[in-house]
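S.K.: Sequence and predicted structure, then a few things I'm wondering about:
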Amino acid sequence: MATPTKSTLPSGVIDKLRVPLDAASSEQTEAGNYFVANYPPFSFWKPEHKDAVHAILNSPRPVDTNLGVYFHIPFCRKRCHFCYFRVYTDKNASEINAYLDAGIREFERYSRTSYLAGRKPQFVYFGGGTPSYLSIDQLRNLTDRMKDLFPWDETEEVAFEAEPGTLTEKKLEALREIGVTRLSLGIESFDDHILEVNGRAHRSKEAYRAIAFAKTLGFDQLNIDLIAGMMDETPDNWERCVRTAIEQEPDCVTIYQMEIPFNTTIYKEMKESGRVTAPVADWRTKRAWVDWAFDQFEAAGYTVSSAYTVVKNPETTKFVYRDSLWAGADLLSAGVASFGHFGGVHYQNQADVGPYMTEVDAGGLPIFRAYPTSHDERFIREFILQLKLGHTNRGYFRGKYGEDPALRFPDQFAGLAAEGYLRLEGDEILISREGLLQIDRLLHGFFLPQHRDARYT
Ligand code: SF4
């Protein structure tokens, strides 16, 4: 088990971490969503569009579209102060079993539709919440029933999010036997003070133990999540965190820049005390910290593979869920508040467990809102999501959409090129490191006018 080591970095490198905080800066972190998860923004998805989902489900199955299956587990041991997801910390085993039964009934209904019947998922994803909150029996039962409905024998990736403190060696063995290939540990920080101040349930000891167990079991991929700029983060903390992550040698590391969406505990406290600025590092500092982290990972042999990820071996470490979704795959998404997509129609399920269970019990699909995208919106969606990879190809969009992004958005391309964020090499569209570090902010420039400044809620 590695322990954090004292810095041996040259001072110039450390200085890169010490960005002076300018109290008057427009880059202070304020409340709101920074991360662009999908397009068009969720605020445009409406209950009156639900019929579009049923229409596509009644249509013939597509011949050339990959299918993913997602299940949302909305239970956690404790609510983190920065969390904006729908999570429940008070459900007992029978309530959780009832929820899992409802999810299976949802999958059963989808399996009988003409659009989905007989299709096998290319990828499966368990997200939350905390999927690893489930017991071994619950996990085996859930996944056996899911496999009966949508078999995994052609599945390239089964991804599973886990909170370190919920993992035992036996549970990890069970996950491996079930078929999980990509285990993603929500570590966030290796510093116990940071974990405590930010309301995380686990501590670093549990993180080290979970990583060590997972490595002995030979998952295809071990990913760890980190967050740059949590409350009380300092350059020294962040440096230790990154160095520790490198010492742990995961296959993949995902680094988020801390955002404070409106429905977080941190935002509620800001509102009560009349504060506009969140008590976390400003955006310039967070970018500098991620930039520095990327440098360190590269020096250790990793490759930056998107705005948020570094991978040890880009040849073998794929992220099928991300890459397929960003190339227009269907996503059959079940569970409370989950987001799915069929043949150009986005949908989201009921966001509270009560209405969700009521709708499943009534025999229907628990869809709360939907959005049928236009050809143009699908083109923009794929284009902006693929920019997060740091590179995409004009020929791909000409072939698939009959449109060249560089010709469609000449002003945006020129503006980003002038700032040094983007350049063209033949058909390749390349995003610079500086561009990648703030890519979500830059993507809004490609939104249709009616979608600019919309909220991602
Ligand atoms: S573990 Fe994840 S989902 Fe659960 S409360 Fe924390 S941030 Fe939210």
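M.R.: All right, it came through fine.

S.K.: Touching stretch 48-55 from outside, list them.
M.R.: With contact meaning C-beta atoms under 8 Å, 6 or more residues apart in numbering, stretch 48-55 is reached by 342, 345, 347, 365, 367, 369-372. The way it works is simple: take the backbone N, C-alpha and C, and place the C-beta from them, glycine included.

S.K.: List the buried residues in it.
M.R.: Using 16 or more other C-beta atoms under 10 Å as the test for burial, stretch 48-55 gives 49-50, 52-53.

S.K.: now stretch 260-271
M.R.: Buried residues in stretch 260-271 (16+ other C-beta under 10 Å): 260-261, 264-267, 270.

S.K.: helix or strand for Arg441, which one?
M.R.: Assigned by DSSP states H and E, Arg441 belongs to helix 439-443.

S.K.: export that helix as CSV, just CAs?
M.R.: What follows is helix 439-443, C-alpha atoms only, in CSV (Å, rounded to 0.1, in the frame of the first residue of the first chain):
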residue,chain,number,x,y,z
ILE,A,439,-13.9,22.6,-23.2
ASP,A,440,-17.3,22.6,-21.6
ARG,A,441,-17.3,26.4,-21.5
LEU,A,442,-16.3,26.6,-25.2
LEU,A,443,-18.9,24.2,-26.4
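
S.K.: now it: mean pLDDT?
M.R.: Helix 439-443 shows a mean pLDDT of 94.

S.K.: cool, and stretch 158-174?
M.R.: What stretch 158-174 shows for mean pLDDT is 97.

S.K.: do stretch 178-185 as well
M.R.: Mean predicted confidence for stretch 178-185 is 98.

S.K.: Now tell me what touches it from outside.
M.R.: The contact list for stretch 178-185 (C-beta under 8 Å, 6+ apart) reads 139-140, 143, 152, 155, 157-164, 172, 175, 207, 210-211, 214, 219-225, 250, 254, 319, 321.

S.K.: Filtering these by proximity to the ligand, which remain?
M.R.: Of the residues in the contacts of stretch 178-185, proximity to the ligand by C-beta under 6 Å from any ligand atom holds for Glu163.

S.K.: Which of the contacts of stretch 178-185 are buried, as a ChimeraX select command?
M.R.: This is how ChimeraX selects the buried members of the contacts of stretch 178-185, with burial counted by 16+ other C-beta under 10 Å:
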select :139,143,152,155,157,158,159,160,161,162,163,164,172,175,207,210,211,214,219,220,221,222,223,224,225,250,254,319,321
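
S.K.: Please state the backbone phi and psi of Val242?
M.R.: phi -70, psi -40 (degrees, to the nearest 10).

S.K.: what sits against it?
M.R.: With C-beta under 8 Å, 6+ apart, Val242 has these contacts: 226, 292-293, 296-297.

S.K.: Of those residues, which is the most crowded?
M.R.: Highest neighbour count within the contacts of Val242, by other C-beta atoms under 10 Å: Ala293, with 25 neighbours.

S.K.: State the three-state secondary structure for Arg378.
M.R.: Following DSSP: H, G, I helix; E, B strand; the rest coil, we place Arg378 in the helix state.

S.K.: rewinding a little: inside strands: which ones of the contacts of stretch 48-55?
M.R.: 342, 345, 347, 367, 369-372 (DSSP state E).

S.K.: what's the spacing between Tyr222 and Leu387?
M.R.: No, residue 222 isn't Tyr; it's Leu. 27 Å (C-beta to C-beta, to the nearest Å).

S.K.: Tell me which two of the ones in strands among the contacts of stretch 48-55 sit farthest apart.
M.R.: Checking the ones in strands among the contacts of stretch 48-55 against each other with C-beta to C-beta, the farthest-apart pair comes out as Phe342 and Arg369, at 14.2 Å.

S.K.: More neighbours: these two, which one.
M.R.: A direct count of neighbours by other C-beta under 10 Å for Phe342 and Arg369 places Phe342 higher, at 25 against 20.

S.K.: which residues touch the residue lying closest to that one once chain neighbours are set aside?
M.R.: Leaving out its chain neighbours, the residue that sits closest to Phe342 by C-beta to C-beta, 6 or more residues apart in numbering is Ile56, at 4.7 Å. Ile56 makes contact with 115, 342-345 under the criterion C-beta under 8 Å, 6+ apart.

S.K.: mind pulling up the phi and psi values for Ile56?
M.R.: The phi/psi pair for Ile56 (degrees, to the nearest 10) is phi -70, psi -40.

S.K.: So for Gly12, what's the pLDDT?
M.R.: Note for Gly12: predicted pLDDT of 44.

S.K.: Having no further points to raise, I will conclude here.
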